[in-house]
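Chemist: here is the input, now give the coordinates:
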Amino acid sequence: MKKIIYLIALIGIVSIGHAQNVSVDQARRVSTKGYAEKEVTPDIIYLSVSLREYYVDGNTKKKVAIETLEKQLFDAALKNGVKQEDLTIQNIYSYNYETKKNKNQELLQARQYRIKVTDLSKLNSLFDEVDPRGMQSTSISEYDHSQKRQIERELKTEAVKDARTNAEVLATADGQTIGKALLINDNSSFSWNDVMPTGRVYAMSAKFADAEMADESSNINISIRPIKLVANVDAVFELKGN
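Modeler: Model (predicted):
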């Protein structure tokens, strides 16, 4: 019986000692946050372009087919440095052209395209050879950067370094030093599309009947603002005392 009591007491002492060591170990660490930011101007733009068939001067016997407009768009894109694989069809649909005077039952075809543009200097001339009366709309659907992954990795690295610097400041203030990182949580969420162009992408439609209005509407006047990218991390470092 005495042996059992002694064993229980010994286990209790060991458990208390272990708990104290864990408590001390848990206390010998410092938690900080790291932060890094950088402004980057996108060098890739994805355009959304919608083409649609139309009747010349409303004459239902003079239809400009979608294939004609599509060829104009593809030829203009390739001429301005767009790769063939970077021009794809996103959607195909149809609509009915009907007025009070004309009860036309024919469905006209329309298509939406996605164009990846990497040479932004060619934006203004991209649609010069496309019939503006067959262009329903143009818009920017997405931004990107050719070095996106590298930029994100660099920012995360700087954020971790910032977290260590912050931890060193806290440790030094208490006469201690920092050891290895025990935990690093990456809270970064990079968004390359949280920015709107400072210029304007003109909408184009078949209503531009005269050449002067068509020429004016077919220009893209756009200036891309830099995007602020931010990396955030939470880190826990080992705390070393004297």
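Chemist: helices along this structure, start to end?
Modeler: For the chain, the helices defined by DSSP state H cover 2-27, 66-79, 148-173, 211-217.
Chemist: mean pLDDT lowest for which of those helices?
Modeler: Mean pLDDT across the helices of the chain is lowest at helix 211-217; the value there is a mean of 42.
Chemist: test my guess that residue 159 contacts residue 232.
Modeler: Yes. In this structure, residue 159 is within contact of residue 232 by C-beta atoms under 8 Å, at 6.3 Å. No exception for glycine: its C-beta is placed from N, CA and C like everyone else's.
Chemist: shared neighbours of the two, anything?
Modeler: Both residue 159 and residue 232 are contacted by 34, 35, 188, under the criterion C-beta atoms under 8 Å, 6 or more residues apart in numbering.
Chemist: make TSV out of the residues you listed and add distance to residue 71.
Modeler: Output for the shared contacts of residue 159 and residue 232, formatted as TSV (distance: C-beta to C-beta, whole Å):
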residue	distance to residue 71
34	53
35	51
188	44
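Chemist: just the buried members of those?
Modeler: Buried members of those, counted by 16 or more other C-beta atoms under 10 Å: residue 34.
Chemist: for the residue positioned nearest the centre of the chain, give its distance to residue 111.
Modeler: Taking C-alpha atoms, centre = their mean, the centroid of the chain lies closest to residue 192, which sits 3.0 Å from it. Per C-beta to C-beta, to the nearest Å, residue 192 is found 27 Å from residue 111.
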